[in-house]
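> compute the structure for the input listed below.
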Amino acid sequence: MSHLSIHTPAELADYCERLKDCDRIGFDTEFVSEDTFRPQLCLVQVVSKEGMAVIDPLDVPDLTPFWRVLSEGSHVTIAHAAREEINFCLQAVDKPPVNLFDTQIAAAFCGTEYPAAYASVVTKHLKIRVQKGEQRTDWRRRPLSNDQINYALEDVRHLFPLHDKIMGRLEKRGRAEWLAEETESFVHEVTEARTRERWRKVSGVGNLPPRSLAIVREVWRWRQQEAERRDLPPKRVLRDDLIVELAKKKDSRVEKLRAIRGMQHGQLKRSTEDIAHAVQLGLDADLDGITGPRRKPPPPQLNLLGQFLAPAITSLCRRADVAASLACTATDLRTLISDRLGYSSKHDDPPSLASGWRAELVGNLINDLLAGKKSIRIGNPKSEEPLEFDSVE
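The predicted model follows:
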């Protein structure tokens, strides 16, 4: 497949100067994430009016000029499932790519599948089959074969036709603003996630008491710092189950920590005193913000209403040709119902279905159903979408 190969800083600088004049830039990345604290960028594929290009980060480690071009100017940036691509850009220049058009998100507004793989989106909208065969490539190894390069380029080859086709359909259906809203929210979420503490995601903390949760938080913080220092995945520094065990023991004595099965190995054994210090920080910590405000359990009818409305909302989304999994989760439904029936508290975030395109598509209908202004009935029982929504006189 014809393309430009970039292997030196001078070649990158020259290429980036030419990219500045482009009104669209499509790109994708190949990376390996299992052995490092952050994903290791191994290849960047680009498509523009200049044609296709491959940038090799192993030859040109500093790709700041490229990320700066993506994050500045008025061009449209096109990518598929761009979470890690956004993160690479934020890591390099502290700004996301401008005017992002994520084909995975965009396709969800004119199709029922989300998250859809790139090959699936290309097949659906362009009637083209994307070649496969290099999914298990270790992109850190060099030299890359022609087959590997061609496989990587396939991920950008169709981005411009996809942009044209999907954007045309969204504009025809009046959904371009929906996409802009969702993309802005997505980029904001990815940006915020970089600094969000995710200690509550440690597996097994669900039923721990507040003091144990404080220990989990402090040990998690130590693990993050240590993993970044050693450039390792955090769970390779200290497993989740060991964090939970430390939290249950609630004991910062070094000898007690070393008695826990699994704490005697290599680097972990040498870090026992640091871990003991983290445990002690948890034992001494203020518990404000650990448990959140106490609230009454929701009434049982919330689950019943949610279970009743879920298939109806799925039917609504399918009829609108919007992916239900993007529009509304079961939790979103229960949250809106709880809010409308007066069971939410001032500490809760506003329901996602109460504003923006989700309200327009789903939330307003739920409001009308709860208020008795709309009803659900079975239309044609043989139809793929047999449920109908009628106004109540």
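> most centrally placed residue in this protein?
The centre of the chain sits closest to residue 83, judged by C-alpha atoms, centre = their mean, with a distance of 5.6 Å.
> correct me, but that residue touches residue 189?
No. Assessed by C-beta atoms under 8 Å, residue 83 is found out of contact with residue 189, at 9.1 Å. Every residue, glycine included, has its C-beta placed from N, CA and C.
> for residue 43, give the beta-bridge partners.
Per DSSP bridges, the residues bridged to residue 43 are residue 30.
> can you pull the contacts of it?
Applying C-beta atoms under 8 Å, 6 or more residues apart in numbering, we find residue 43 in contact with 29-30, 54-57, 139, 144, 152.
> just to revisit the earlier point, how deep is the closest residue to the residue nearest to the centre of the chain other than its chain neighbours tucked in, by neighbour count?
Spatial nearest neighbour of residue 83, excluding adjacent residues (C-beta to C-beta, 6 or more residues apart in numbering): residue 190 at 5.6 Å. By the criterion of other C-beta atoms under 10 Å, residue 190 has 18 neighbours.
> any idea which element residue 190 lies in?
If you go by DSSP states H and E, residue 190 is part of helix 176-193.
> residue 105 too?
Assigned by DSSP H and E, residue 105 belongs to helix 103-107.
> just how off-centre is that helix within its chain?
Relative to the centre of its chain, helix 103-107 is centred 13 Å away, using C-alpha atoms, centre = their mean, to the nearest Å.
> buried stuff in it?
Along helix 103-107, these residues count as buried under the neighbour rule (16 or more other C-beta atoms under 10 Å): 103-107.
> redo those residues as TSV? Include distance to residue 115 and pLDDT.
Shown next, in TSV, are the buried residues of helix 103-107 (distance: C-beta to C-beta, whole Å; pLDDT from 0 to 100):
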residue	distance to residue 115	pLDDT
103	11	98
104	6	98
105	9	98
106	12	98
107	9	98
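> out of these, which is nearest to residue 309?
Nearest to residue 309 out of the buried residues of helix 103-107 is residue 105 (C-beta to C-beta; 24.5 Å).
> hmm, residue 208 is touching residue 214, no?
No. Between residue 208 and residue 214 there is no contact under C-beta under 8 Å: 9.6 Å.
> ok, the two, which is more surrounded?
Neighbours were counted for residue 208 and for residue 214 using other C-beta under 10 Å; residue 214 has more, 25 against 17.
> can you name the next helix or strand after whichever strand or helix holds that one?
Assigned by DSSP H and E, residue 214 belongs to helix 210-230. For helix 210-230, the following helix or strand on the C-terminal side (DSSP H and E) is helix 234-237.
> low-confidence stretches in the stretch 201-350 of the chain?
The model of the stretch 201-350 of the chain has pLDDT under 70 over residues 292-296.
> against residue 306, how distant is residue 283?
40 Å (C-beta to C-beta, to the nearest Å).
> and these two? which has more neighbours close in?
The neighbour comparison of residue 283 against residue 306 (other C-beta under 10 Å) goes to residue 306, with 20 against 15.
> now do the contacts for that one.
Applying C-beta under 8 Å, 6+ apart, the residues contacting residue 306 are 330, 333-334, 337.
> now, of these, which are buried?
Using 16+ other C-beta under 10 Å as the burial test, the contacts of residue 306 include 333-334, 337 as buried.
> quick one: contacts for residue 355?
residue 363.
> now it: phi and psi?
Phi and psi for residue 355, reported as degrees, to the nearest 10, are phi -150, psi 160.
> can you tell me how far it sits from residue 330?
Taken as C-beta to C-beta, the span from residue 355 to residue 330 is 19 Å.
> try residue 381
To residue 330, residue 381 is 25 Å away according to C-beta to C-beta.
> please look at residue 121 and residue 162 and confirm they touch.
Yes. If you go by C-beta under 8 Å, residue 121 and residue 162 touch, sitting 6.6 Å apart.
> okay, and the common contacts of these two?
With C-beta under 8 Å, 6+ apart, residue 121 and residue 162 have common neighbours residue 103.
> domain map for this structure?
4-193, 199-284, 301-391 (automatic domain parsing).
> quick one: contacts of the helix or strand harbouring residue 90?
For residue 90, the element it lies in under DSSP H and E is helix 83-93. The contact list for helix 83-93, computed with C-beta under 8 Å, 6+ apart, reads 27-29, 31, 38-39, 41, 63-64, 67-68, 70-71, 79, 95-97, 100, 187, 190-191, 194.
> return the set of buried residues in it.
Quick answer for helix 83-93 (16+ other C-beta under 10 Å): 84-90, 92-93.
> can you check stretch 313-327 too?
313-317, 320, 322-324, 326-327.
> relative to residue 151, how far out is residue 141?
For residue 141 relative to residue 151 (C-beta to C-beta), the value is 14 Å.
> higher neighbour count, the two?
For the pair residue 141 and residue 151, the greater number of neighbours falls to residue 151 (21 against 12), based on other C-beta under 10 Å.
> wait, that one touches residue 139, no?
No. Using C-beta under 8 Å, residue 151 makes no contact with residue 139, being 10.4 Å away.
> all helices for the stretch 251-393 of the chain, in order.
254-258, 266-270, 272-284, 301-320, 324-327, 330-340, 356-358, 364-370 (DSSP state H, counting those that start in this stretch).
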